[in-house]
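Chemist: would you be able to build a 3D model of this:
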Amino acid sequence: MTLPTLFISHGSRMMAVEAGKTGDFLRKLGEELPRPKAILCVSAHWMTEAPVVAGTAKPETIHDFYGFPEALYRIRYPAPGAADLAMRTQELLQGTGCVIDPDYGLDHGAWVPLSYLYPKADIPVAQLSVQPYRDAAWHFRLGEALAPLREEGVLILGSGSSTHNLRELHRGSDAVVPWAAAFDDWLGRTLEDGKTVEALDWVEAAPQALRAHPTPEHFLPLFVPLGAAHGAAGRRINTGFSSGTLSLSAFAFGG
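Modeler: Okay, here's the model as predicted:
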């Protein structure tokens with residue numbers, strides 16, 4: 001069985017206690033997907049100079065944020081670690097400088113969406129970092145190298161955001177801001193049409209690219225699952241916006 005790969009916009013960390021439409025979407029998606037043997041989650045919230053994969057036996061739930069309601073800090077996602085997957089990932093990424101971190105847990109880029117996708121927390125998970133000083137093509141090549149995992153029962157999940165400009169959030173507003181809609185529409189068309197070269201050149205090709213992503217770390221997780229599907233045309237499987245500018249788009253690749 002060859003699994004699809006996924007990119008999801010994980011939205012606000014408050015989704016952990018306020019599911020909303022995106023939480024409902026993730027619940028349904030988890031029920032519909034073939035059950036994976038393990039999950040490799042590429043999170044926007046773990047940034048390193050070279051690739052690092054977590055080989056932690058019992059990953060802690062990392063609450064990497066401040067000033068939120070107490071209920072959020074009480075949440076735990078006790079999924080088992082995936083040390084074998086970490087070693088396999090390092091093997092496939094030979095030549096990239098990839099190392100294994102024996103202690104890193106699950107940050108909210110991983111545990112918030114996974115708590116809806118697989119609420120029983122019974123599937124082993126390993127996290128893979130992003131390299132914010134590398135480009136989309138680098139992350140695409142990482143994905144290409146990791147493609148064999150799909151046939152080994154591993155779900156490759158990129159967790160970030162289709163747009164991510166926290167300085168321009170319109171809190172309390174349901175009206176989508178035009179520049180955010182323009183970028184999100186471009187992304188959907190580009191991925192659904194299989195225009196991988198244009199997607200990789202997103203800084204130059206996309207409208208309002210640097211306004212949608214003043215920093216790239218939330219966009220880079222997209223290119224790992226895209227690469228693992230060898231640039232296959234994507235299917236947009238979720239839409240919506242939060243706070244006017246934060247896209248909740250999600251995509252599946254390769255089946």
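Chemist: centroid-nearest residue for this structure?
Modeler: Among the residues of the chain, the one closest to the centroid is Ser159, at 1.3 Å (Cα atoms, centre = their mean).
Chemist: isn't it right next to Ile39, touching?
Modeler: No - here Ser159 lies out of contact with Ile39, judged by Cβ atoms under 8 Å, at a distance of 10.4 Å. Heads up, the C-betas are built off the backbone N, CA and C, glycines and all.
Chemist: Met87: how many residues sit nearby?
Modeler: Using other Cβ atoms under 10 Å, Met87 is surrounded by 14 other residues.
Chemist: what residues does the host helix or strand of it touch?
Modeler: Met87 is part of helix 83-92 when elements are defined by DSSP states H and E. Contact with helix 83-92 is made by 38, 40, 53-57, 98-100, 124, 126, 128, 145-146, 148-149, 152, 154, as judged by Cβ atoms under 8 Å, 6 or more residues apart in numbering.
Chemist: touching the helix or strand just after it from outside, list them.
Modeler: Of the helices and strands lying after helix 83-92 in sequence (DSSP H and E), the nearest is strand 99-101. Under the contact criterion Cβ under 8 Å, 6+ apart, strand 99-101 has outside partners 50-56, 86-87, 90.
Chemist: strand 99-101 pairs with which strands, parallel or anti?
Modeler: Using DSSP bridges, strand 99-101 pairs in its sheet with strand 52-54 (parallel).
Chemist: show me what the mean pLDDT comes to for the helix or strand following the partner strand.
Modeler: Helices and strands here follow DSSP H and E; after strand 52-54, the next one along the chain is helix 70-73. Mean pLDDT, helix 70-73: 76.
Chemist: what are the buried residues along helix 70-73?
Modeler: Leu72 (16 or more other Cβ atoms under 10 Å).
Chemist: same question for stretch 133-153.
Modeler: Neighbour counts over stretch 133-153 (16+ other Cβ under 10 Å) mark 134-136, 138-147, 149-150 as buried.
Chemist: what is the end-to-end distance of that stretch?
Modeler: The first residue of stretch 133-153 is 30 Å away from its last residue (Cα to Cα, to the nearest Å).
Chemist: please enumerate residues in contact with that stretch?
Modeler: Here stretch 133-153 makes contact (Cβ under 8 Å, 6+ apart) with 1-5, 36-38, 40, 49, 51, 85, 88-89, 92-93, 96, 130-131, 156, 196, 199-202, 216, 219-231, 254.
Chemist: again, only using 7 Å
Modeler: By Cβ atoms under 7 Å, 6 or more residues apart in numbering, the surrounding residues in contact with stretch 133-153 are 1-3, 5, 36-38, 40, 51, 89, 92-93, 96, 130-131, 156, 200, 202, 220, 223-228, 230, 254.
Chemist: related to what we said a few turns ago, could you single out the nearest of the buried residues of stretch 133-153 to His45?
Modeler: His139 (15.2 Å; Cβ to Cβ).
Chemist: helix or strand for the closest one, which one?
Modeler: Using DSSP H and E, His139 falls in helix 136-146.
Chemist: for the helix or strand just after that helix, packing partners?
Modeler: The helix or strand immediately downstream of helix 136-146 is strand 154-160, counting by DSSP H and E. With contacts taken as 3 or more Cβ pairs under 7 Å, 6 or more residues apart in numbering; DSSP states H and E, strand 154-160 sits against strand 5-9, strand 38-47, helix 108-117, helix 223-228.
Chemist: export the ones you listed as CSV, with columns for mean neighbour count, mean pLDDT and distance to Glu31.
Modeler: What follows is the helices and strands packed on strand 154-160, written out as CSV (neighbours: other Cβ atoms under 10 Å; pLDDT from 0 to 100; distance: least, Cβ to Cβ, whole Å):
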stretch, mean neighbour count, mean pLDDT, distance to Glu31
strand 5-9, 28, 97, 14
strand 38-47, 25, 97, 16
helix 108-117, 26, 93, 9
helix 223-228, 29, 98, 20
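Chemist: out of the ones you listed, nearest to Arg74?
Modeler: Using Cβ to Cβ, the helices and strands packed on strand 154-160 put helix 108-117 closest to Arg74, at 12.7 Å.
Chemist: alright, that wraps it up for me.
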